[in-house]
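Peer 1: What shape does this take:
(2 chains)
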Amino acid sequence: MLEWLRVKLYETFHVFFRHFNFPCTLGLRRIGNPDDRSPVFLSGNYTLTVHRLLKVLAPFDCYLLVANSKGSNVWCAAGMNEYNEYDVIDAINVSNLKDMVAGRRIIAPPYAAPGIDVEEVTRQTGFKLAWGPTHLDDIPDYIRANYRRTSEMTLAQFGFIDRMEQALSTALVYCMTLFPVAFFYPQYALISMGLIFLLHLTWFAFWDVLPEERHWAKTLTHLAASWTALGGVALYTQMPMAELALWAVTLAVIVLLISLDGCGSSTIFKTTPKRWLKKGDYRSHFEPIIDPVKCTSCYDCLYVCPKGVLARLPKGPAVSVRPDQCIECLACVKACQDDAFYNTSQEWKGDVKSIADLENIMTRDWHHLDDETRWIGAPIKFQGQTLVVDQTEMTPDGAQRAVTRKKRRPTPRISEVPNASVSD
Amino acid sequence: MLMYSWMVWVEYAPERYDVSVKLLTGGKIDRIKDVIASRVKLGDQVMDIGCGTGSLGLKCIDHGATVTGMDISESMLKECRRNIAKAGREDRFTIIKDSVTNLKKHFAPNSLDVIVSTMVVGELSKPYLEHIFRECHEILKPGGKMLIADEVWPEGPVSRLLFRVVMTLMWVPQFAILRRAFFPVKDLKGVVEAAGFEITEKKTWPMSSFQLIEGVKRNA
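Peer 2: Next up, the predicted model:
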């Protein structure tokens, strides 16, 4: 009982402080009774992740290789170049993994893909990284399915629980920043802190219900709803006009700040405040296009894309089909060993530090690939874990291309073909 | 917007690294680096584990050494190259971008006079340190020295408690400024000894958790 309470308190603390680094011990963990045939999972050394992984993996006999992500989650660390091939090589070298397992496969979190040069890991250690499911809750299903990902396991999920955790941890950072104000205006500061928590929770709880962020639609709806609620409270309590104005402005500021934070987080989209102010949406700058001459159809980029931006032709190279869904994690660019990626928008955010010649890739001329834009908006479906362009429904004429480029059609529902072949 | 600004602030951590560390250690880090550099003799082959912005390596060069710095952080190495160019020491400072567990790949056994390192070992776990120090012992010449300075857990129970309080208080500012949380080493001397070194000096500073360990490779 006491132990249960301790674990719950520990988890609650870490959920609230998710925006800070909490490194845990590096190295190889043995779970159950693993032998030389047991699977090896890779992780960063962020405490909460490792804690949850140990819980999820508890029923299985396996190894967990904790490499140094400097105490951050793997996605942020990978983008910041703080979780790269060297950290994985270090972990393999130090743990002496080569002598412990017969296989040469490590199941890695796909969110680490923006940072890790997998070829370098293989060159130096002989181990191959296979991308596992994006969400650690899917790991048991992944193991039971004989280490095969379903289509859902390849995509970034931002479910209700995840969003609530995001809300609480972000609200806490806001409150910590506001804390000094409490010394001067304690009442105002405390009520504002309450509002910060409330508005974060509503923003993320109703994330699916609020309209999509186009021309500030999500933000304005959120603001209108909170002002309506304030109006109701003001009528009920007969709030003086000056006080009402103060709270109306406070609400507006909080809503605006929360909305602007939507520009920064990859799970949603990753754009710049400048673009958001100008266009009112969260779309990322980077719009990938692939050179079919350079592409060797290895589909490494498809395996790491968490948003279904890329698909492959039934017999042919990878193509960019939903560049508007891109969240600019740049895992595809990092994964591509053939230097086949180009950027049609010529703009990028620049927060991913793990790619050496990024500026060149982002700004080089792509117009010889003009023809490749015909795949944008093409019908796609999942075959196993890769999206495939459904050419049977495709009319290969220029007219359709013009339509899809002018007016972006809503993304079609992704349908999975059950028991399709998997190539990994 | 708040989180967004934090993220941007964090992105530029390497550019202000030297200043931040100086601020957070109250200027002590410079004195510690001076002490380490003063142990270097003319003509020594020095290797700096986790050379970072290169400040320690450049100090060693001032004492007549030839330095090889190892680091994996590209943003840090960018600062390092800039600092080397500013000092005009390109001819005596070599940078290797590879992981520190690959030391034997880059250095032959018995090839180095001195190995130095500051504020690196605190970021690694004990098995890592054992692995690295073992390799250091191999690549040093007989009589070669290893000088490690880092934050360590104090030994007395009172200072340990005090240290814990200060660490807790400093946690947020340290993270906010440096984005690196320090993790003091438990038994630095023991780990260095276990790798086969003979400890010739253990220097501490008053009112500080910093410790300098000098180990010498005795046998051939």
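Peer 1: The residue lying closest to residue A:330 once chain neighbours are set aside: how many residues sit nearby?
Peer 2: Using C-beta to C-beta, 6 or more residues apart in numbering or on different chains and skipping residues adjacent in sequence, the residue nearest residue A:330 is residue A:352, 4.6 Å away. C-beta here means a position set from N, CA and C on the backbone, and glycine is covered the same way. For residue A:352, the count of nearby residues is 23 (other C-beta atoms under 10 Å in any protein chain shown).
Peer 1: for residue A:352, phi and psi?
Peer 2: Backbone dihedrals for residue A:352, given as degrees, to the nearest 10, come out at phi -90, psi 120.
Peer 1: looking at it, it is touching residue A:114, isn't it?
Peer 2: Yes: the criterion here is C-beta atoms under 8 Å, and residue A:352 meets it with residue A:114 at 5.9 Å.
Peer 1: Where does pLDDT dip in the stretch 151-300 of chain A?
Peer 2: Across the stretch 151-300 of chain A, the ranges flagged by pLDDT under 70 are A:266.
Peer 1: Name the SS class of the residue of it found nearest chain B, please.
Peer 2: Closest residue of the stretch 151-300 of chain A to chain B, C-beta to the nearest C-beta: residue A:260 (3.6 Å). Three-state call for residue A:260 (DSSP: H, G, I helix; E, B strand; the rest coil): helix.
Peer 1: helix or strand for residue A:311, which one?
Peer 2: In this assignment (DSSP states H and E), residue A:311 forms part of strand A:310-312.
Peer 1: Which elements pack onto that strand?
Peer 2: Strand A:310-312 sits against helix A:300-304, strand A:318-320, strand A:386-389, with contacts defined as 3 or more C-beta pairs under 8 Å, 6 or more residues apart in numbering or on different chains; DSSP states H and E.
Peer 1: Which positions in the stretch 1-150 of chain A make contact with chain B?
Peer 2: Counting by C-beta under 8 Å from any C-beta of the partner chain, the residues of the stretch 1-150 of chain A close to chain B are A:19-21, A:23, A:25-27, A:68, A:70-71, A:80-82, A:84, A:86-87, A:89-90, A:93-95, A:124.
Peer 1: Filter those down to the ones in strands?
Peer 2: residue A:27 (DSSP state E).
Peer 1: If you count neighbours, what's buried in the longest strand along chain B?
Peer 2: Secondary structure of chain B read by DSSP E shows that its longest strand is strand B:140-151. Neighbour-count burial for strand B:140-151 flags B:140, B:141, B:144, B:145, B:146, B:147, B:148, B:149, B:150, B:151 (criterion: 16 or more other C-beta atoms under 10 Å in any protein chain shown).
Peer 1: for residue A:345, helix, strand, or coil?
Peer 2: coil.
Peer 1: now residue B:29: how far from residue B:187?
Peer 2: Using C-beta to C-beta, to the nearest Å, residue B:29 is found at 22 Å from residue B:187.
Peer 1: Which one's more surrounded, those two?
Peer 2: In this view residue B:29 and residue B:187 are compared by other C-beta under 10 Å, and residue B:29 has more residues nearby, 20 against 13.
Peer 1: Assign a three-state SS to the spatially most central residue of chain A, would you?
Peer 2: By C-alpha atoms, centre = their mean, chain A has its centre lying nearest to residue A:267, at 3.9 Å. Assigned with three-state DSSP, residue A:267 falls in the coil class.
Peer 1: about what we covered before: identify the residues contacting the strand holding residue A:311?
Peer 2: Under the contact criterion C-beta atoms under 8 Å, 6 or more residues apart in numbering or on different chains, strand A:310-312 has outside partners A:288, A:290, A:297, A:299, A:301-302, A:318-321, A:332, A:375, A:378, A:380, A:386-389.
Peer 1: which of the residues you listed are buried?
Peer 2: Judged by 16+ other C-beta under 10 Å, buried ones among these: A:288, A:290, A:299, A:301-302, A:318-321, A:332, A:375, A:378, A:380, A:386-389.
Peer 1: OK, contacts around the residue nearest to residue A:330?
Peer 2: Taking C-beta under 8 Å, 6+ apart as the test, what residue A:352 contacts is A:79, A:114, A:328, A:329, A:330, A:358.
Peer 1: Spit out the contact partners of the first one.
Peer 2: Which is residue A:79. The neighbourhood of residue A:79, defined by C-beta under 8 Å, 6+ apart, consists of A:114, A:115, A:266, A:329, A:330, A:351, A:352, A:353, A:354.
Peer 1: pLDDT at it, what is it?
Peer 2: We note a pLDDT of 90 for residue A:79 in this prediction.
Peer 1: what number of residues lie near the residue nearest to residue A:328 when sequence neighbours are not counted?
Peer 2: Spatial nearest neighbour of residue A:328, chain neighbours left out: residue A:284 (3.8 Å); criterion: C-beta to C-beta, 6+ apart. Using other C-beta under 10 Å, residue A:284 is surrounded by 26 other residues.
Peer 1: Residue A:284 reaches residue A:271, doesn't it?
Peer 2: Yes: in this structure, residue A:284 is within contact of residue A:271 by C-beta under 8 Å, at 5.4 Å.
Peer 1: which residues are common contacts for the two?
Peer 2: A:328, A:349.
Peer 1: Could I get the full set of strands for the chain?
Peer 2: Chain wasn't specified; assuming chain A. For chain A, the strands defined by DSSP E occupy A:27-31, A:40-43, A:62-66, A:105-108, A:128-131, A:288-290, A:310-312, A:318-320, A:341-343, A:380-383, A:386-389, A:416-417.
Peer 1: try again with chain B
Peer 2: B:45-49, B:66-71, B:93-97, B:112-118, B:140-151, B:198-204, B:210-216.
Peer 1: partner strands of the second one, parallel or antiparallel?
Peer 2: Looking at strand B:66-71 with DSSP bridges, its partner strands are strand B:45-49 (parallel), strand B:93-97 (parallel).
Peer 1: Same question for the longest one.
Peer 2: Here strand B:140-151 has these sheet partners by DSSP bridges: strand B:112-118 (parallel), strand B:210-216 (antiparallel).
Peer 1: just how off-centre is the strand holding residue A:311 within its chain?
Peer 2: Between the centre of strand A:310-312 and the centre of its chain there are 18 Å (C-alpha atoms, centre = their mean, to the nearest Å).
Peer 1: hmm, back to that, where do the contact lists of residue A:352 and residue A:114 overlap?
Peer 2: Here residue A:352 and residue A:114 share the contacting residues A:79, A:329, A:330, scored by C-beta under 8 Å, 6+ apart.
Peer 1: close enough to count as contact, the second one and residue A:115?
Peer 2: Pointing back at residue A:329 there. No: taking contacts as C-beta under 8 Å, residue A:329 lies outside contact range of residue A:115: 10.0 Å.
Peer 1: My guess is residue A:190 contacts residue A:182. True?
Peer 2: Yes: taking C-beta under 8 Å as the contact criterion, residue A:190 and residue A:182 are neighbours in contact, 6.6 Å apart.
Peer 1: Save the strands of chain B as CSV, and put in distance to residue A:7 and mean pLDDT too.
Peer 2: Shown next, in CSV, are the strands of chain B (distance: least, C-beta to C-beta, whole Å; pLDDT from 0 to 100):
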stretch, distance to residue A:7, mean pLDDT
strand B:45-49, 37, 93
strand B:66-71, 38, 93
strand B:93-97, 41, 92
strand B:112-118, 37, 93
strand B:140-151, 30, 91
strand B:198-204, 38, 89
strand B:210-216, 35, 89
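Peer 1: For stretch A:185-193, C-alpha coordinates in CSV please.
Peer 2: Coordinates of each C-alpha in stretch A:185-193 appear next as CSV, following Å, rounded to 0.1, in the frame of the first residue of the first chain:
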residue,chain,number,x,y,z
TYR,A,185,-0.3,40.7,-6.1
PRO,A,186,-0.9,37.4,-4.4
GLN,A,187,-4.7,37.3,-5.2
TYR,A,188,-4.3,38.2,-8.8
ALA,A,189,-1.4,35.8,-9.3
LEU,A,190,-3.1,32.8,-7.6
ILE,A,191,-6.3,33.2,-9.6
SER,A,192,-4.3,33.6,-12.8
MET,A,193,-2.5,30.4,-12.0
